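Asker: here is a sequence together with a model predicted from it:
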Amino acid sequence: MINPSQKLYDRRCSRSRKFICYNETGDHKYFVIDELKNWLQAQSYCREHHTDLISGITHINSTEFKERVEEFNDQHGSSNLWIGLFREIWSWSDGKNFSFRHWDPDSFEDEASKTCAMTTSNGKWSSDTCTDQKPFYCYDDKLILIKESKTWDDALTYCRTNHRVLVSITDRHQQRWVEERVKMADTEFVWLGMRYTCTLDLSFRVSDHSVCNPNLVPPKKTVRCESDLAVAMKRWRVVQKG
């Protein structure tokens, strides 16, 4: 988030703020949106109507950007504005660092126990408690849907023993691949190989394709960080009308 004095600081993604989009092409590059949205909703809006939330030091330090923010504050009053900066608190079980994220912007839940990732009915990602049992995806040279329900840890062990690892989604192509496979599941949610990281002193990063955590807030320092906590995808139902 950037404040009226154009200094950067962090706030929970579930809060509603105005925000700044940018365009890669065209005469006008920066657009301050006079609407209140949480961080993920703001990112979705920018990706639908422009390119993305403003991201990168080059943009933020540009004269045009600073002038646009000052102009908006003069016209509408000083506002704290969302930008495309986030604190990464999720990691893939195979140890790889992929910036692609596909969180559901409407799935915010302030429950620190939901730290394993799963797919949802609209093809986007949400999270749940890792000890719940769900089907899951293994991955070797191809994506394999395992219809047997297991906890996230048991699913990880199964995939490592029989295939390679729980699936990691690296780009939009693989995301579409997973969305097709989830239609064959017998349950509504399927585990992915993503899990919440307990470490709280992670650095900030900027990525045009990354988003902050949609479902969780970092555990309070007075609360024990749960290590047995994961993301799953909900089975997409196709309904034919008429």
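Answerer: Thanks, I have it. Numbering: from 1, shown residues only.
Asker: what's the neighbour count on the nearest residue to residue 148 once chain neighbours are set aside?
Answerer: Spatial nearest neighbour of residue 148, chain neighbours left out: residue 135 (6.7 Å); criterion: CB to CB, 6 or more residues apart in numbering. Any C-beta I mention is one placed from the backbone N, CA and C, and that applies to glycine too. By other CB atoms under 10 Å, 24 other residues sit near residue 135.
Asker: same check, this time on residue 176
Answerer: Residue 176 has 12 neighbouring residues, counting by other CB under 10 Å.
Asker: which residues touch the residue nearest to residue 148?
Answerer: Residue 135 makes contacts with 145, 146, 147, 148, 149, 185, 186, 187, 189, 190, 191, as judged by CB atoms under 8 Å, 6 or more residues apart in numbering.
Asker: and for residue 45?
Answerer: Residues in contact with residue 45 (CB under 8 Å, 6+ apart) are 19, 21, 33, 35, 37.
Asker: which of the residues you listed sits closest to residue 126?
Answerer: Residue 126 lies nearest to residue 37 out of those, by CB to CB, at 18.6 Å.
Asker: what is the closest one paired to in the beta sheet?
Answerer: Residue 37 has the following beta-bridge partners by DSSP bridges: residue 17.
Asker: that one contacts residue 16, correct?
Answerer: Yes - at 6.0 Å, residue 37 counts as touching residue 16 under the criterion of CB atoms under 8 Å.
Asker: look at the two and report which has more neighbours.
Answerer: Using other CB under 10 Å, the more surrounded residue of residue 37 and residue 16 is residue 37, with 19 against 13.
Asker: quick one, what contacts the more buried one?
Answerer: So residue 37 contacts 16, 17, 19, 45, 82 (CB under 8 Å, 6+ apart).
Asker: just residue 170 next, same as before
Answerer: Contacts of residue 170 (CB under 8 Å, 6+ apart): 96, 98, 100.
Asker: again, only this time at 6 Å
Answerer: When contacts are counted by CB atoms under 6 Å, 6 or more residues apart in numbering, residue 170 touches 98, 100.
Asker: name the SS class of it, please.
Answerer: coil (DSSP: H, G, I helix; E, B strand; the rest coil).
Asker: so where's the longest helix in the protein?
Answerer: helix 63-76 (DSSP state H).
Asker: in that one, what's buried?
Answerer: For helix 63-76, burial by neighbour count (16 or more other CB atoms under 10 Å) applies to 65, 68, 69, 72, 73.
Asker: swap in stretch 39-58?
Answerer: Residues of stretch 39-58 classed as buried by neighbour count (16+ other CB under 10 Å): 39-46, 50-55.
Asker: lowest pLDDT pick from the residues you listed?
Answerer: Least confident of these in the model: residue 55, at 80.
Asker: skipping adjacent residues, who's closest to that residue in space?
Answerer: Distances taken as CB to CB, 6+ apart put residue 84 closest to residue 55, at 3.4 Å, once the chain neighbours are dropped.
Asker: tally up the residues packed near that neighbour, please.
Answerer: The number of residues packed near residue 84 is 26, by other CB under 10 Å.
Asker: now swap in residue 123 and tell me
Answerer: Residue 123: 17 neighbours (other CB under 10 Å).
Asker: if I read this right, it contacts residue 180, doesn't it?
Answerer: No - in this structure residue 123 lies outside contact range of residue 180 using CB atoms under 6 Å: 9.6 Å.
Asker: which stretches of this protein form strands?
Answerer: Assigned by DSSP state E, the strands in the chain fall at 17-22, 30-37, 52-53, 81-82, 85-87, 90-92, 116-119, 125-128, 134-139, 143-150, 165-166, 189-196, 204-206, 232-234.
Asker: okay then, goodbye and thanks.
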